[in-house]
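Chemist: Sequence first, then the predicted structure:
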Amino acid sequence: MKKLVLGIISFIVWILLVWPFSEYGIDYVSLMVGIVASVIVGIFFGDVFTELPHKFFEPKRYFWLIYFVFLFAVAFIDASFDFAYRVLHPSLPIKPGIIKVRTILKRKSAIAILANCMGFAPGAVTVEIGDDGILYIHMACIRHTDTQDATAAFVKRFETILKRILE
């Protein structure tokens, strides 16, 4: 089942990248190469892909994914303006440090995506991901030093949506 799901997803990505459909007809060579490549990816990487492949067939997860992409885009734009303000401000208002946040996510892939999303906060980078669901994030401007406050401020908005998509 895992191999089949990964093969289908690989083929969809191939179709979106190559788009073998045009006004001149269908490019059958591109379709065949995509099918062969998707089968190879499914066979070799299907076992390491996901633990719960049946969850990819739940349509509500795709709606949450669209919402997540929109929320992430808004957060990315906000972070860009905030960081530009900090760089261009004459007094350079930064207060660097490392904060500790706790996540409720259980799957490693969900925690990794969350850690990467936190990297788009203004001047932030995830330093370490602990085994117990704790992320250590270095930030250019710390607003919260308490773990619960920092978790509520930075993690909750992405965490709840990622839980609905990936867990």
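Modeler: Looks like it came in fine.
Chemist: so what pLDDT did residue 37 get?
Modeler: What the model reports for residue 37 is a pLDDT of 92.
Chemist: Apologies, that question was intended for residue 151.
Modeler: For residue 151, the model assigns a pLDDT of 65.
Chemist: And residue 49, by the same measure?
Modeler: 63.
Chemist: likewise residue 6?
Modeler: Residue 6 is given a pLDDT of 80.
Chemist: Is it correct that it is in contact with residue 39?
Modeler: No: at 10.1 Å, residue 6 and residue 39 do not qualify as touching, with contact defined as Cβ atoms under 8 Å. Just so you know, the C-beta spots here come from the backbone N, C-alpha and C atoms, and that holds for glycine as well.
Chemist: Compare the two (neighbour count), which wins?
Modeler: residue 6 (23 against 14; other Cβ atoms under 10 Å).
Chemist: Touching stretch 72-82 from outside, list them.
Modeler: With contact meaning Cβ atoms under 8 Å, 6 or more residues apart in numbering, stretch 72-82 is reached by 117, 120, 121, 122, 157, 158.
Chemist: What's the separation between residue 92 and residue 99?
Modeler: 20 Å (Cβ to Cβ, to the nearest Å).
Chemist: same thing with residue 126?
Modeler: 11 Å.
Chemist: Could you pull up the residues touching residue 126?
Modeler: Contacts of residue 126 (Cβ under 8 Å, 6+ apart): 115, 116, 118, 119, 135, 136, 137, 138.
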